[in-house]
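**Student:** 3D, please:
(2 chains)
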Amino acid sequence: MKKMIITNNDWVLKKYNGKFTVVYIDGTFKDVLLAVRDKLHLGHELLTHPLGSSVKPGETPIKSIMISDEKNKINFSSVYMIENAIITYDKFNKEKLKFLDDKRIEDFKLIDLTVLESALNI
Amino acid sequence: MKLELGYIFIKDIQFSDVSKVEDGTLYVNKEEVKALILEDQNFQKADVELAKPGESVRIMPVKDVIEPRVKVEGPGGIFPGMINKVETVGSGKTNVLKGAAVVTTGKIVGFQEGIIDMSGPGADYTPFSKLYNLVLVCEPVEGLKQHDHEKALRFAGYKVALYLGELARNLTPDEVEVFETPTLTEGLKMYPDLPRVAYVEMLQSQGLMHDTYVYGVDAKQILPTMIYPTEVMDGAIVSGNCVSACDKNTTYHHLNNPVIHELYAEHGKTLNFIGVIITNENVYLADKERSSNWSSKLAEFFGVDGVIVSEEGFGNPDTDLIMNCKKIESKGIKTVLITDEYAGRDGTSQSLADADPLADAVVSGGNANEVIELPPMDKIIGHVEVADVIAGGFDGSLHKDGSITAELQVITGATNEMGFNKLSAR
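**Tutor:** Just a heads-up that it's a prediction; the model follows:
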């Protein structure tokens, strides 16, 4: 199955553009979730979970999500999962994100990249 | 498989010229411990501190907590596949320095977390405030990559814990507890009038700083499998999970897994404890499907009437939790889930990121979003400036007087999902 990565992490764009279809979002974590939702409505399938495991949405501004490159019939479990993720994202206080410096953002990019790579099995 | 745990109760910890245990006091030669840490060339400097119950001490950011143990009889050694050879552990005799712990601290990445207060209101939220702690403060060499730093720190903790555990090798335990699990065939015949129960333990397995190891294998690469509960007591499962202080399972939690201990305590009284199934929490949705298929298949194969499932972390592991629940329930096996909640600061939001009507028996470890006030402490071990950036901290959380306003999730072990804490909900 061909894969598409939707991300606001430029490290992922740099490393995987060409190997996969990478859609770079110049925006927030929420913008990535919304872009994924829109794709799922068109029939793409969610391949990685849209939420982090332990790094909460209120802590990190960075997110990469993998979906199928091909479109098919709408996959309702994918849609259910992304909608739930958006509700969960909105629940978290994002106050902390305003104060992140470059070093910390880089660390979040690294974590996001390694979590994505754990799914790519690289 | 039968294991005798011999507890040597530790009631004080002190630095001394010679490392030893005498009359319940753990004496530690600081220089030897430092030298042990600095054997690893990834560290340029190491310091060792003591933290005792009741002291005005704050430890942060905490990475792992490890209980010193030593194998005195039977095959293998503690932490097989990590430090000791990959031999099957869980039988014979193991001595434990009960009441002591090794705590590792360090800033691996810019955002960090994990507070242990040894006194005050914060101390009530963490079980580790009740322990006599040897705290390792390790400074990495310039330019050390995060992966290497995390690994080096993890191994420093294991090595020092084994060094202390070795002091218990020739001691006579103050108390002995025996745990035994027979083969599946024998186990199923026991206590025919009691419900047969297994434990499904979910292990965090998502990448850098989110990993757990089983006999040295990264848990994201395992298929769910069975493990004798006594193997876990000998360190077959160790934590490399540094993120989300409140609901990560430290190595101490694995060694002292309260679900396993409680199931043994009830074995033959209210239930028949059959065994433990371990499974992972991967990022890839196909992995989640495969692993929950497998854990439910094993529960069916075990022939149990019910399982207890414990989660680790929040967010996408909630999906694994619910998948495990649904698939196990669909085989006619009852489930009880142990989790914690991110229900917002007022506790009124949806607690988990996933849900299902079949998840009708759930034990909560508490609400990690609850806001707490931690008064200033006289001494900080580690890095106090980290308070502002730890999980659940928010700008302004570190006040001028050294007090901290933050969410409960900053405290190591506060909402533990094995139930190794005091919080819950009714």
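
**Student:** Restrict the helix or strand bottoming out on mean pLDDT in chain A to CA atoms and write it as CSV.
**Tutor:** Lowest mean confidence among the helices and strands of chain A (mean pLDDT, DSSP states H and E): helix A:102-120, at a mean of 88. Extracted in CSV, the C-alpha atoms of helix A:102-120 (Å, rounded to 0.1, in the frame of the first residue of the first chain):
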residue,chain,number,x,y,z
ASP,A,102,13.5,26.6,19.3
LYS,A,103,15.5,23.9,21.2
ARG,A,104,12.4,22.4,22.6
ILE,A,105,10.6,22.5,19.3
GLU,A,106,13.5,20.7,17.8
ASP,A,107,13.2,18.0,20.5
PHE,A,108,9.5,17.6,19.7
LYS,A,109,10.4,17.3,16.0
LEU,A,110,12.8,14.5,16.9
ILE,A,111,10.3,12.7,19.0
ASP,A,112,7.7,13.0,16.3
LEU,A,113,10.1,11.7,13.7
THR,A,114,11.1,8.7,15.9
VAL,A,115,7.5,7.9,16.7
LEU,A,116,6.6,8.0,13.0
GLU,A,117,9.6,5.9,12.1
SER,A,118,8.5,3.3,14.7
ALA,A,119,5.5,2.9,12.4
LEU,A,120,7.5,2.9,9.2
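
**Student:** any residue of the longest helix anywhere in chain B up close to chain A?
**Tutor:** Taking DSSP state H as the criterion, chain B has its longest helix at helix B:146-166. Yes - using CB under 8 Å from any CB of the partner chain, helix B:146-166 comes into contact with chain A via B:146, B:147. Yep, even glycine has a C-beta here, placed from its N, CA and C like the rest.

**Student:** quick one: that helix to chain centroid distance?
**Tutor:** Centroid displacement of helix B:146-166 relative to its chain, using CA atoms, centre = their mean, to the nearest Å, is 15 Å.

**Student:** Direction included, what does the next helix or strand after that helix pair up with?
**Tutor:** Next along the chain after helix B:146-166, taking DSSP states H and E as the criterion, comes strand B:175-180. Partners of strand B:175-180 in the sheet, by DSSP bridges, are strand B:2-9 (antiparallel).

**Student:** least trustworthy helix or strand in chain B by mean pLDDT?
**Tutor:** For chain B, the helix or strand with the lowest mean confidence is strand B:404-407, at a mean of 87 (criterion: mean pLDDT, DSSP H and E).

**Student:** What residues sit buried inside that strand?
**Tutor:** B:404, B:406, B:407 (16 or more other CB atoms under 10 Å in any protein chain shown).

**Student:** Between helix A:102-120 and the longest helix of chain B, find me the angle.
**Tutor:** Between helix B:146-166 and helix A:102-120, the angle comes out at 80 degrees (axes from the mean of the first three to the mean of the last three CA atoms, to 10 degrees).

**Student:** in helix B:146-166, what counts as buried?
**Tutor:** B:146, B:149-165.

**Student:** Rounded mean pLDDT for it, please.
**Tutor:** Mean pLDDT, helix B:146-166: 96.

**Student:** One more: stretch B:413-425?
**Tutor:** 92.

**Student:** Need the nearest residue in space to residue 100, chain neighbours excluded.
**Tutor:** I'll assume chain A. Setting aside the residues directly before and after it, residue A:100 is nearest to residue A:61 in space (CB to CB, 6 or more residues apart in numbering or on different chains), at 6.7 Å.

**Student:** Hmm, no, I was thinking of chain B.
**Tutor:** Closest to residue B:100 by CB to CB, 6+ apart is residue B:10, at 4.2 Å.

**Student:** which residues touch the one you found?
**Tutor:** B:21, B:24, B:25, B:26, B:97, B:98, B:99, B:100, B:132 (CB atoms under 8 Å, 6 or more residues apart in numbering or on different chains).

**Student:** Report how many residues lie close to the fifth one.
**Tutor:** Other residues within reach of residue B:97, judged by other CB atoms under 10 Å in any protein chain shown, total 26.

**Student:** hang on, it in a strand?
**Tutor:** Yes - assessed with DSSP: H, G, I helix; E, B strand; the rest coil, residue B:97 lies in a strand.

**Student:** In contact with the spatially closest residue to it that is not a sequence neighbour, which residues?
**Tutor:** Using CB to CB, 6+ apart and skipping the chain neighbours, the partner closest in space to residue B:97 is residue B:68 (4.3 Å). Residue B:68 is in contact with B:96, B:97, B:100, B:101, B:102, B:161, B:162, B:164, B:165, B:167, B:168, counting by CB under 8 Å, 6+ apart.

**Student:** Try it again at 10 Å.
**Tutor:** Neighbouring residues of residue B:68 by CB atoms under 10 Å, 6 or more residues apart in numbering or on different chains: B:8, B:10, B:21, B:26, B:78, B:95-98, B:100-102, B:134, B:160-168, B:255.

**Student:** Am I right that the residue nearest to residue A:100 is in contact with residue A:25?
**Tutor:** No - Residue A:61 lies out of contact with residue A:25 (CB atoms under 10 Å); the separation is 11.5 Å.

**Student:** These two: who's more crowded?
**Tutor:** More crowded of residue A:61 and residue A:25, by other CB under 10 Å: residue A:61, with 23 against 19.

**Student:** who's in contact with that one?
**Tutor:** Applying CB under 10 Å, 6+ apart to residue A:61 gives the contacts A:8-9, A:27-30, A:32, A:94, A:96-98, A:100, A:104-105, A:108-109, A:112.

**Student:** Check the gap between it and residue B:242 for me.
**Tutor:** Note on residue A:61: its distance to residue B:242, by CB to CB, to the nearest Å, is 20 Å.

**Student:** need the strands for chain A, in chain order.
**Tutor:** A:3-7, A:21-24, A:64-68 (DSSP state E).

**Student:** Now distance to chain B and mean pLDDT too, for those strands, in TSV please.
**Tutor:** Formatted as TSV, those follow (distance: least, CB to the nearest CB, whole Å; pLDDT from 0 to 100):
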stretch	distance to chain B	mean pLDDT
strand A:3-7	11	97
strand A:21-24	17	97
strand A:64-68	8	97
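
**Student:** low-confidence ranges in the stretch 1-150 of chain B?
**Tutor:** Along the stretch 1-150 of chain B, the parts satisfying pLDDT under 70 run over B:110-112.

**Student:** switch to 50 and redo it
**Tutor:** Within the stretch 1-150 of chain B, not a single segment meets pLDDT under 50.

**Student:** What of the stretch 251-400 of chain B?
**Tutor:** Answering for the stretch 251-400 of chain B: no residues sit below the bar, that is pLDDT under 50.

**Student:** which residues in it form helices?
**Tutor:** Using DSSP state H, counting those that start in this stretch, the helices of the stretch 251-400 of chain B run over B:251-255, B:258-266, B:285-302, B:316-329.

**Student:** Compare these and give me the one nearest chain A.
**Tutor:** Between chain A and the helices of the stretch 251-400 of chain B, the shortest separation by CB to the nearest CB is 3.6 Å, and it involves helix B:316-329.
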